[in-house]
Every structure is written in C-alpha cells, then in structure tokens.
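A.B. asks: Need a 3D model of the following:
(one chain, ligands or ions: 1)
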Amino acid sequence: MNPAPTPSALMANYGHPELQFARGQGVYLYTADNQRYLDFTSGIAVNCLGHCHPHLVKALQTQAETLWHTSNLFSIIPTERLAQRLVDLSFADRVFFANSGTEAVECGFKMMRRYHYHHGNKARTRIITLTQSFHGRTLAPVAACRNPLHTEGFLVGDSGFDQVPFGDLEALQAAITGQTAGVILEPVQGEGGIRAAPTEYLQAIRDLCYEHGILLMFDEVQSGMGRTGYLFAHEALGVQPDILASAKGLGGGFPIGACLSKEHVAEVMTAGTHGSTFGGNPLATAVGNAVLDVLTGPGFLDTVSERAGQLRAGIDELTQRYPGLIGGHTGLGLMVGLKCLGSNADMIKALQAQGMLAVKAGGNSIRLLPPLIISAQEVEEGLALLEKACQSLV
Ligand SMILES: *Cc1c(COP(=O)(O)O)cnc(C)c1O
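C.D. replies: Numbers count the residues shown, from 1 in each chain. Next up, the predicted model:
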C-alpha cells in the first residue's frame, strides 16, 4: 500500500485516510503499485456504473469538447433533456438541478415552506424528520437530522425541525401541528444503518400528509438511480412523494443533484425564488443522460435485482456459518446492510486486508454498495472475500 502524503494540507474532517487509489476500472480500484481492490463502496453509492464506464467517459469527453458552462441565464440542451427524461421516468412533473445531495434536499425544504407561504398559510414552516436520518451537511439538513456528531457547535436557535422516532407513526401524527409544512424521510435509510421503511408505515405517512394538507418529501440521494432494482426505491414500496431529492448515482461520479416535484409544488418556485450557478451544468447533465441511457437499457434493472438476490442468498449462508459475526442483511436491492455482531470497523478492516472495500453505517452495520454493473462472477468473488474476512475474525 502506498500511503497518502502526511502531513496533509487537507482539513482533518475526514480523518487522514491511508488508502489512495490511482485508477479504477469496472468494479475494481487500483493503487499506484497496482494492488487491486473489489469496490463495494462505489464512492458511497455514486459510481453506479463502476469506474470509467466507456459510455460515461465518452459522454463527458464529447461534452467537454462542445460546451462546458453557460449558466442558467441560457437554456442548456443536455439539461433540458435530462429534466424531461427524469419527469417521463418518475412521479415528478418538474426538476431543479443542484450539485450535491444536500443542495437537492435544501431546495426541497425551501419548496415546502414556500408552498404554504404561497397558499397563505404562513405559519406552516416546520418540517418533521425521523431519527437516524441523514440528509446532508449544510446547515438545514444538519439541523434536520440532529446527529450530535454533525450538529455540535454549528447550530443557532431553533432551525424549524421536529424529529420523531423512525417507525413510530403515533409520534409522527402527534408532531403534526398547524405549523407543520411537511415531512422528509429516506425510504431506505443509508448512513444511519441500511433500513427500509415498511410499506404500511410509508403509506400511513402519505395518508396523514394528504389529510393535513402538508407535503411529503423523499430523500433518495442514496437509494435512487437503480440502487434497489428500481429507478427510485419508493417505486418498490408503492408510495409516492410530492418532492424527491436525488444525487449520488445520478452523475455516476460526476457531481450533480436534483430536486424533483409534482407540478402543484413546483408552481410556487417562480422566477428568482431559487438558483445555483453550477446547477444544471452541461458537463454534469450530459453525464446524467448517459447514466440514464444505461439504467433504462433493456433488462438492466432486472439484472440489478438478480445480483441483489444472489448477494443476499450468499450472505444468508455466511450468517449460518458465522453466527457470531454476521447477523443477516437489511435494505433493498444492491443497497445492502450487513449486520455485524462484532465491531463493524473490524469487519471493514478485515475486508480491506482481503482486497475488498465496504462502507460503515449506523447500527453497527456495514454497507455493501457494489456498482450496479457487477457480474454474477464478481458477486461470487465478493462473497468469497467476505468469507475470508470472517475466517480472519473468528
Ligand atoms: C449522501 C446523502 C446526502 C448528502 O449528499 P451530498 O452530495 O454529500 O451533499 C443526503 N441524503 C442522503 C440520503 C445521502 O445518502
């Protein structure tokens, strides 16, 4: 392993990671001295088509030789096209493009408040969130999630969020007041420990939102873009939001975020209400279009579900064989949580020693987020490395 430079000129907020990669190809990452790692992080669910997918590389190269940036003072060809395609493929009628997940969420928060303001309900400003949620690192999402690690020393006053326990419908119902603007949740929680919201729970929240005239927003920054075998996870769960945040896989590794919504919400975002200099940049949306080309290709999402079934069946076997180490799997599709019975940090280290990469998550679990292009053989390889890691830990 060739370590990253120390001391580093970077701030210490990510710690100082030792592992550094020089290149990537498909599901593999390579160090400068050519050590190969099977990448089950996908840049935290970002590189949905693996590393250097030829269709994405070509789209970026072609756009780079054509037009980089004009700003939203002008209509942008690939951006108009990506918005229309997302609308055609989803519940949504309109799209706002941002550069990251947290900005996509932020746009949704603003829309929730502006919606009620527009309709003369100026008191409806508060947003209900769930425990163990993660919506990003700018101030509003940090205030929304109330993770002490992320809030300490950063917040001023009451930022306008009310939090209720995940899964507790009665608490959510009790939290709805005349000041409530809406609810935000991840249909499948990511960072907090891979956890899918039960369908009946989601449906009940949907019904409550209709009943009280408040808005429902899904944060699908991690669970969206094919990760669950559906373009968006809520399609698997059968409940539609009014607003949805997307990012991560949307650009396959190129930074982009998007806030999607129904027309009755989008109509309040009149000229001048919101904006972003880089949002909808042609390089980002050209790559976004290329990602969609692949995700919507014949049988692609079905194959994701098949690979997920294979990976989960393999984990079931390992759960039987290593009952002291693995407590089963959670999540949906290729958004896999592996419950660790020992320390999740030790499991990540043991995997790394075998040449496989995974991400930590809450609830003492690890996230297995392979690129969606993973082959059956590569899934087998991942399971074999996982088994070796378990052997090294018993
Ligand atoms: C990663 C993530 C975000 C934040 O995205 P950034 O691009 O890091 O700002 C928000 N919500 C969820 C569910 C995420 O997984």
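A.B. asks: give the contact list for the residue nearest to residue 252 when sequence neighbours are not counted.
C.D. replies: Nearest non-adjacent residue to residue 252, counting by CB to CB, 6 or more residues apart in numbering: residue 291, 4.5 Å away. Bear in mind the C-beta positions are built from the backbone N, C-alpha and C, glycine included. Contact analysis of residue 291 by CB atoms under 8 Å, 6 or more residues apart in numbering lists 48-49, 56, 225, 249-252.
A.B. asks: could I get those residues as a markdown table with neighbour count?
C.D. replies: Shown next, in a markdown table, are those (neighbours: other CB atoms under 10 Å):
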| residue | neighbour count |
| --- | --- |
| 48 | 29 |
| 49 | 25 |
| 56 | 26 |
| 225 | 28 |
| 249 | 30 |
| 250 | 29 |
| 251 | 28 |
| 252 | 30 |
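A.B. asks: So which of those belong to helices?
C.D. replies: residue 56 (DSSP state H).
A.B. asks: which of the contacts of residue 291 sit farthest apart?
C.D. replies: 56 and 225 (12.9 Å; CB to CB).
A.B. asks: Wait, a helix at the residue nearest to residue 252?
C.D. replies: Yes. Under DSSP: H, G, I helix; E, B strand; the rest coil, residue 291 falls within a helix.
A.B. asks: Please report how far it lies from residue 55.
C.D. replies: Here the criterion is CB to CB, to the nearest Å. By it, residue 291 lies 9 Å from residue 55.
A.B. asks: now do residue 140
C.D. replies: To residue 55, residue 140 is 35 Å away according to CB to CB.
A.B. asks: Who has more neighbours out of those two?
C.D. replies: Ranked by neighbour count (other CB atoms under 10 Å), residue 140 and residue 55 place residue 140 first, with 19 against 15.
A.B. asks: Surely the more buried one is in a strand?
C.D. replies: No. Counting by three-state DSSP, residue 140 is not found in a strand; it is helix.
A.B. asks: Does it touch residue 109 like I think?
C.D. replies: Yes. Between residue 140 and residue 109 there is a contact under CB atoms under 8 Å: 5.3 Å.
A.B. asks: Angles on the backbone of the residue lying closest to residue 189 once chain neighbours are set aside, please.
C.D. replies: Nearest residue to residue 189 in three dimensions, chain neighbours excluded: residue 195, at 4.4 Å (CB to CB, 6+ apart). Phi and psi for residue 195, reported as degrees, to the nearest 10, are phi -150, psi 120.
A.B. asks: again, but for residue 344
C.D. replies: According to degrees, to the nearest 10, residue 344 has phi -70, psi -30.
A.B. asks: Contact residues of the chain facing the ligand?
C.D. replies: For the chain, the contact set with the ligand under CB under 6 Å from any ligand atom comprises 100-102, 105, 134-136, 186, 190-191, 219, 221-222, 247-248.
A.B. asks: Closest to residue 34 out of these?
C.D. replies: residue 248 (28.4 Å).
A.B. asks: Can you give me the neighbour number for residue 15?
C.D. replies: Based on other CB under 10 Å, the number of other residues close to residue 15 is 6.
A.B. asks: For it, give its distance to residue 360.
C.D. replies: Relative to residue 360, and taking CB to CB, residue 15 is found at 12 Å.
A.B. asks: before we move on, what about residue 10?
C.D. replies: Relative to residue 360, and taking CB to CB, residue 10 is found at 20 Å.
A.B. asks: tell me the domain boundaries of the protein?
C.D. replies: Listed domain ranges for the chain are 23-53+299-393, 54-295 (source: automatic domain parsing).
A.B. asks: Next, format those domains as TSV and append mean pLDDT.
C.D. replies: Formatted as TSV, those follow (pLDDT from 0 to 100):
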stretch	mean pLDDT
domain 23-53+299-393	97
domain 54-295	98
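A.B. asks: what about the helices in the stretch 51-200 of the chain?
C.D. replies: Under the criterion DSSP state H, counting those that start in this stretch, the stretch 51-200 of the chain contains helices at 54-64, 77-89, 101-118, 139-145, 148-151, 169-175, 199-212.
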